[in-house]
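Novice: Okay, sequence plus prediction incoming.
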Amino acid sequence: MSNLDKQERKAEAQDLNRDPISGAPGSHPVGVGVGGIAGGAAAGALAGTVFGPLGTLIGAAAGVVAGAAAGKGVAERLDPTVETEYWRQEHQNRPYYKEGTDYDRDYATVYGFGLQARETRPASTWEETEATLAGEWPRNRGESRLEWDEARLAARDAWERADRTHTVYRDGDTHYAGRFDSASYRDNEYSYDDYRPAYRYGMQARQQHAGRQWDDHLERDLGDGWDRFKADSRLTWEKAKYAVREAFDSDHHGDAARRNPTDPRV
């Protein structure tokens, strides 16, 4: 097995891109996260996204993503908060990592650039878009010292990750929408659009806290973050937590891999 294959297997174990029902890994070949650092200016502009400000992903180039995220489909933007620490810890393990570089200065911008590219071109493939991105990189690189030949694989990681995660969330939306009318916790004053962020929050939390059981401590931790993630949902945490827990526990009894996750390094 090549080093790249090993790294992709390792990333599969930690990325959000598992089937929201079974917990099985997604089908795309490159499964890694997207990361970055907090960009205060973008945070204020993008507070309405489902999972918080997309602009926090890309540090020095926050304004680039801010403009993209302000456009169509804002409610479908991906969560930057979980991926930030993953990439900060993982980027040095990737086969394209260049010794002597700095995550905040060099790579955070690349991952944000790749994510932005996928978010603004949902109908395109990486192969169709790469030449355009190569031309756009010099004016979007911020302080990154990476030339495109050095940055392209990291940008593709971010693109592929976003593509996988969108697929997972679409599948999850279909699943939970089909069960919504019969949900015992449903409040008829609210629509599925109010509950969608709760289900996605639960899917995200399931992967972020893999191996952890739902208990009072986890419920409190997730409750503390609900207002950041709820976007336009009108649900309070007391109303949302039941949907969050359903998504969090959805594979609890049927997915042995979640209860006993394999070590991807083996």
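Specialist: Okay, I see it.
Novice: hang on, residue 118 is in a helix, isn't it?
Specialist: Yes: applying DSSP: H, G, I helix; E, B strand; the rest coil, one finds residue 118 inside a helix.
Novice: Report pLDDT for it.
Specialist: As predicted, residue 118 sits at a pLDDT of 90.
Novice: Ignoring the adjacent residues along the chain, who's closest to residue 145?
Specialist: residue 106 (5.5 Å; Cβ to Cβ, 6 or more residues apart in numbering). C-beta coordinates here come from the backbone N, C-alpha and C atoms, glycine included.
Novice: So that neighbour is in contact with residue 146, correct?
Specialist: Yes: counting by Cβ atoms under 8 Å, residue 146 is a contact partner of residue 106 at 5.4 Å.
Novice: ok, the two, which is more surrounded?
Specialist: Per other Cβ atoms under 10 Å, whichever of residue 106 and residue 146 has more neighbours is residue 106, with 24 against 20.
Novice: May I see the buried residues of whichever strand or helix holds residue 154?
Specialist: Using DSSP states H and E, residue 154 sits in helix 148-180. The neighbour-count check on helix 148-180 (16 or more other Cβ atoms under 10 Å) flags 148, 150-169, 172-173, 175-176 as buried.
Novice: In a helix, residue 188, correct?
Specialist: No: assigned with three-state DSSP, residue 188 falls outside any helix and is coil.
Novice: Look at it and say how many residues are nearby.
Specialist: When neighbours are defined as other Cβ under 10 Å, residue 188 has 5 of them.
Novice: Next: residue 132.
Specialist: 12.
Novice: so which helix or strand takes in it?
Specialist: Using DSSP H and E, residue 132 sits within helix 126-140.
Novice: Mind giving me the packing neighbours of that helix?
Specialist: Here helix 126-140 touches helix 108-120, helix 148-180, going by 3 or more Cβ pairs under 8 Å, 6 or more residues apart in numbering; DSSP states H and E.
Novice: Give me the angle between the last one and helix 126-140.
Specialist: Looking back up the chat, that one is helix 148-180. 120 degrees (axes from the mean of the first three to the mean of the last three Cα atoms, to 10 degrees).
Novice: these two touch, right, residue 168 and residue 204?
Specialist: No: here residue 168 does not reach residue 204: they are 9.9 Å apart, not a contact under Cβ under 8 Å.
Novice: OK, contacts around the closest residue in space to residue 202 that isn't next to it in sequence?
Specialist: The shortest distance from residue 202 to any non-neighbouring residue, by Cβ to Cβ, 6+ apart, is to residue 247 (2.7 Å). If a contact means Cβ atoms under 8 Å, 6 or more residues apart in numbering, then residue 247 has 20, 172, 176, 198, 199, 200, 201, 202, 203, 205, 206 as its contacts.
Novice: contacting residues around the third one?
Specialist: Contact analysis of residue 176 by Cβ under 8 Å, 6+ apart lists 192, 195, 196, 199, 243, 246, 247.
Novice: With distance to residue 96 as added columns, please give the residues you listed in a markdown table.
Specialist: Conversion of those to a markdown table gives the following (distance: Cβ to Cβ, whole Å):
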| residue | distance to residue 96 |
| --- | --- |
| 192 | 41 |
| 195 | 40 |
| 196 | 35 |
| 199 | 34 |
| 243 | 39 |
| 246 | 39 |
| 247 | 33 |
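Novice: I'd like those residues laid out as JSON lines, including secondary structure.
Specialist: Formatted as JSON lines, those follow (three-state DSSP):
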{"residue": "192", "secondary structure": "helix"}
{"residue": "195", "secondary structure": "helix"}
{"residue": "196", "secondary structure": "helix"}
{"residue": "199", "secondary structure": "helix"}
{"residue": "243", "secondary structure": "helix"}
{"residue": "246", "secondary structure": "helix"}
{"residue": "247", "secondary structure": "helix"}
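Novice: buried sites along stretch 109-125?
Specialist: Buried residues in stretch 109-125 (16+ other Cβ under 10 Å): 109-121.
Novice: Columns distance to residue 233 on top of these, output as JSON lines?
Specialist: Below are the buried residues of stretch 109-125 laid out as JSON lines (distance: Cβ to Cβ, whole Å):
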{"residue": "109", "distance to residue 233": "31"}
{"residue": "110", "distance to residue 233": "32"}
{"residue": "111", "distance to residue 233": "27"}
{"residue": "112", "distance to residue 233": "25"}
{"residue": "113", "distance to residue 233": "29"}
{"residue": "114", "distance to residue 233": "28"}
{"residue": "115", "distance to residue 233": "23"}
{"residue": "116", "distance to residue 233": "25"}
{"residue": "117", "distance to residue 233": "28"}
{"residue": "118", "distance to residue 233": "24"}
{"residue": "119", "distance to residue 233": "21"}
{"residue": "120", "distance to residue 233": "24"}
{"residue": "121", "distance to residue 233": "27"}
